[in-house]
Structures are given as structure tokens and as C-alpha cells.
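**Q** Take this sequence and fold it.
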Amino acid sequence: MYRVQTESGEALAEVSGKMRHLAVHREDYPAVGDWVVVSVREEEQRATIHAVLPRKSKFSRKVAGQVTEEQIVATNVDTVFLVTALNLDFNVRRIERYLVLAWESGANPVIILSKADLCEDTEALAAEVAAVAVSVPIHIISSAVNRGLEELAAYVAPGQTVALLGSSGVGKSTLVNRIYGKEILVTGDIREGDDKGKHTTTHRELITLPGGGILIDTPGMRELQLWDASEGLSTSFQDIEEFAQQCYFQDCKHENEPKCAVKGALEDGTLPQERFNNYVKLQKELAYLARKEDKGLQAAEKAKWKKIHQSLKSQINR
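**A** Coordinates of the predicted model:
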């Protein structure tokens, strides 16, 4: 079941039988943020979804668990707020991972460093983020003391859609409430002891703002597995790829080869070792996922043709 916003208000909807029959992958079904073709039964407040219109952007990740399948987090997003709390859960490597998928989605990433009231040196942590997020806007905020919130208004102007992504407890739901102007989402405190968040948002939700903008709130995603993000990786780690272009050998592995510009940058401190290690880790993750996805695509293609053959047989038998 889906909840759709129509001219006549909200309605509960389900996909048509034809659409379900033709769907091969999860991406063939509607996702939060999609524009869809519907027939509405106003008296019942119900609707049937017949098609999904082309998406201008798509933020995806691999589904949790062992299954190699895409999960679409949000679509048709203009800006992605990557929300990270400035407390003990602060993690630059996780920000790098979020940036890879944000760039791949087609939306513009904006980094929101929340809970500034819990941090003694916000500028130092912001500088760490700026070092790995070149040319990405960074905003330091605190919903508790209303710091920096007015700077976010431009992103949620009329006709603009913003998706909020981040781990549990970083303050996404609280931020939505502040932007909306009243308490519309349930919020939770961080856990005592480890400073990590509790799950309060359990599903993705599209929220229409009084001023005409749209917010998409998402559940906390501490483990964010990549999905088809090779271009996003190149954009996020452009500094490393520029060093790699200066290597003597075009197929340099940056291990034992002579005249390796990447190794040189690591040795003189121009390139932090932790950043390079994360880059290699994400590269391997994408390569492994691609190998598994090839097998999955073959199985999906086989299933698609099986459906077609069954449909043809049914028509012939009639």
C-alpha cells in the first residue's frame, strides 16, 4: 500500500495488476518522492497506481542482508541533507560514504552538522568534514538553541524537495519539526552511555511544507551499503583520482609500482592514509556488488521472459 497526495487530498493506493505483472525489479515500483499516474476513487479515498513518471534523481542503497537488490530511499530530490551529529557518534568516514551515494543520486549534497550545543569545538570538526567534502556546503546547527536554522530556508523554497539522511539520533525529525514550524514528527533522545541515537522514524515520509517546499524524512541508516555508485565515488574522491592520473603507469595499483603519485601523496602527508583506505574499501565493495548484481540481473531477465511466455501461452489457449 502507498499513500499518495492528489488534487483532492491524500488517498491510499496500490499498484494495478498490469503494473505488478510487468515489474521485474524493485525500482519498477513507486518510491517516496515519485510522481505517478493514478485513477482516484474520491468517495473511498482510494487510488490505483498505473505508472511511475521518469525520475530526475534517485537515492539508492543496497537492501539490508545478503540479498543483492536495490532499495530506493527517495526520488526526485533536489537537495540531500546529510545530517551528522557533533557528538561521540561523529564519523568522517561515514560522511564520505554518504557523499558517494548523494553525488550518484543526481541531487546536490549539503552537510548538516547538528547538535552543536553538545560539542566544544565545532569549527575543528567542521574543518575535518570540509577536507573530505570539497565544494559541498556545510552548516553547523543546533535545534535546541535555534542555531543556524535560518540558513536552511533557501533549500526548501517552493517547488524544491529536500531529503534528510543520517544515522539514528542525529536530529533529523527534530530538524523537520523546526523547519515546518510545529511538532509534526515524533522525536527521541540519544542513548546514555554510547551517545548513539534511538530509532524514532520507522518509515520514509514525504512532508509538504506550508511554504511550498517538500521534505522527505528517512529512518536512521547507520549501515549504508553502496549501490551502483561508481560516478559518485569518482566525484567524492576526486583528489585521489587526480593523483592517480599522475602515476607513471596507467594501470597503477598504488602498491609497489615505481613513480606512483598516490604513494607519494601518502608519504608526504598530502593524502591522509585513512581517506585512501576508505576509498579502496568502497572500490572493493562496489566491485563485489557488481559481480553479484550480474548474476541477479541474469536471473531477473530469465524471470521476465518466463512471464512473457506464460502470458503468450495464456492468450493462445483462449
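
**Q** which stretches of the stretch 101-250 of the chain form strands?
**A** Along the stretch 101-250 of the chain, the segments classed as strands by DSSP state E, counting those that start in this stretch run 108-114, 138-140, 161-165, 205-208, 214-217.

**Q** tell me what the first one is packed against?
**A** Using 3 or more Cβ pairs under 8 Å, 6 or more residues apart in numbering; DSSP states H and E, the elements in contact with strand 108-114 are strand 79-85, helix 92-105, helix 122-132, strand 138-140. Every residue, glycine included, has its C-beta placed from N, CA and C.

**Q** looking at these, which has the lowest confidence?
**A** Across the helices and strands packed on strand 108-114, helix 92-105 has the smallest mean pLDDT, namely a mean of 87.

**Q** Pull the residues that contact that helix.
**A** Applying Cβ atoms under 8 Å, 6 or more residues apart in numbering, the contact partners of helix 92-105 are 57-61, 77, 80, 82, 84, 109, 111, 128-129, 132-133, 136, 165-167, 224, 226-233, 235-237, 274-275, 278, 282.

**Q** and what of stretch 34-45?
**A** When contacts are defined by Cβ under 8 Å, 6+ apart, stretch 34-45 is touched by residues 4, 6, 8-13, 30, 46-53, 55, 75-76.

**Q** hmm, back to that, which of the helices and strands packed on strand 108-114 sits closest to Pro158?
**A** strand 79-85 (13.8 Å; Cβ to Cβ).

**Q** what's the closest one packed up against?
**A** Under the contact criterion of 3+ Cβ pairs under 8 Å, 6+ apart, strand 79-85 touches helix 92-105, strand 108-114, strand 161-165, helix 172-180.

**Q** So which of those is nearest Arg204?
**A** strand 161-165 (8.6 Å).

**Q** Which elements pack onto that closest one?
**A** For strand 161-165, the packing partners by 3+ Cβ pairs under 8 Å, 6+ apart come out as strand 70-75, strand 79-85, helix 172-180, strand 214-217.

**Q** Single out the most deeply packed of those.
**A** Here the criterion is mean neighbour count by mean count of other Cβ atoms under 10 Å, and of the helices and strands packed on strand 161-165 the winner is strand 79-85, at a mean of 25.

**Q** on that earlier part again, now a ChimeraX select for only the buried ones of the contacts of helix 92-105.
**A** Applying 16 or more other Cβ atoms under 10 Å to the contacts of helix 92-105, the buried members can be selected in ChimeraX as follows:
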select :57,58,59,60,61,77,80,82,84,109,111,129,132,133,136,165,166,167,224,226,227,228,229,232,233,235,236,237,275,278,282
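
**Q** For the strand or helix carrying Arg61, what does the pLDDT average out to?
**A** Here Arg61 sits within strand 58-62, counting by DSSP states H and E. For strand 58-62, mean pLDDT rounds to 79.

**Q** Now do that strand against strand 161-165, angle only.
**A** Here strand 58-62 runs at an angle of 20 degrees relative to strand 161-165 (axes from the mean of the first three to the mean of the last three Cα atoms, to 10 degrees).

**Q** before we move on, the earlier item: can I get the helices and strands packed on strand 79-85 in JSON lines with distance to Glu120?
**A** As requested, the helices and strands packed on strand 79-85 are arranged in JSON lines below (distance: least, Cβ to Cβ, whole Å):
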{"stretch": "helix 92-105", "distance to Glu120": "18"}
{"stretch": "strand 108-114", "distance to Glu120": "14"}
{"stretch": "strand 161-165", "distance to Glu120": "25"}
{"stretch": "helix 172-180", "distance to Glu120": "21"}
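
**Q** Nearest to Ala265, out of the ones you listed?
**A** Using Cβ to Cβ, these put helix 92-105 closest to Ala265, at 16.9 Å.

**Q** low-confidence ranges in the stretch 51-200 of the chain?
**A** With pLDDT under 70 as the threshold, the stretch 51-200 of the chain has low-confidence stretches at 62-69, 186-200.

**Q** what about 80?
**A** For the stretch 51-200 of the chain, the stretches with pLDDT under 80 are 61-70, 89, 184-200.

**Q** With the stretch 201-318 of the chain instead?
**A** Residues of the stretch 201-318 of the chain that meet the criterion pLDDT under 80 lie in 201-204, 219-232, 235, 285-318.

**Q** cutoff 70 now
**A** Ranges of the stretch 201-318 of the chain meeting pLDDT under 70: 201-203, 220-230, 289-318.

**Q** Kindly report the domain assignment for this structure.
**A** 2-52, 58-217, 230-309 (automatic domain parsing).

**Q** Looking at the ones you listed, which one is packed in the most?
**A** domain 58-217 (a mean of 18).
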